[in-house]
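**Student:** Sequence and predicted model, in that order:
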Amino acid sequence: MAKSATLTRIGSNVRVQVDQVRDRIPGELLQKLKENPRGKVVDYKMTDSNGIGLILELSDGTTSWFFPEEIGVN
């Protein structure tokens, strides 16, 4: 039986786990997350592996997407 995933709700405040993303994101975004890893879930993104990513609005108003396992609830 397939394992069901529970999505973080839109509007939830979350924290990006910087250690899990540092090897896949640009340096500018990494620096932003080191200063403030918190964000708000604003939407979902279908990934190429049939998974669902989370689009976060960061403290400076920019958005970026992350895999659910790369974030934790504040």
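**Tutor:** Looks like it came in fine. Numbering: from 1, shown residues only.
**Student:** Now the longest helix along the chain: buried residues?
**Tutor:** Counting residues, the longest helix found in the chain (DSSP state H) is helix 27-35. Neighbour counts using 16 or more other C-beta atoms under 10 Å place 29-30, 32-33 of helix 27-35 among the buried residues. All C-beta atoms are positioned from the backbone trio N, CA, C, and that covers glycine.
**Student:** where exactly do the helices run in the chain?
**Tutor:** Counting by DSSP H, the helices of the chain are 18-21, 27-35.
**Student:** what about residue 42, distance to residue 58?
**Tutor:** The gap separating residue 42 from residue 58 is 10 Å, by C-beta to C-beta, to the nearest Å.
**Student:** Which one's more surrounded, the two?
**Tutor:** Neighbour tally, residue 42 and residue 58, criterion other C-beta atoms under 10 Å: the higher count belongs to residue 58, 18 against 14.
**Student:** Okay, and the beta partners of the residue nearest to that one when sequence neighbours are not counted?
**Tutor:** Ranked by C-beta to C-beta, 6 or more residues apart in numbering and with sequence neighbours excluded, the top spatial neighbour of residue 58 is residue 39, at 4.8 Å. Listed by DSSP bridges, the beta-bridge partners for residue 39 are residue 14, residue 58.
**Student:** do you know how far residue 39 is from residue 22?
**Tutor:** In terms of C-beta to C-beta, residue 39 sits 16 Å off from residue 22.
**Student:** which one of those two has more residues nearby?
**Tutor:** residue 39 (25 against 13).
**Student:** I'd like to know how far residue 12 sits from residue 45.
**Tutor:** Taking C-beta to C-beta, one finds residue 12 at 15 Å from residue 45.
**Student:** Looks like residue 11 contacts residue 41 (just checking).
**Tutor:** Yes: contact between residue 11 and residue 41 holds when scored by C-beta atoms under 8 Å: they sit 6.5 Å apart.
**Student:** and residue 46, bridged to which residues?
**Tutor:** When bridges are called by DSSP bridges, residue 46 pairs up with residue 52.
**Student:** Alright, that wraps it up for me.
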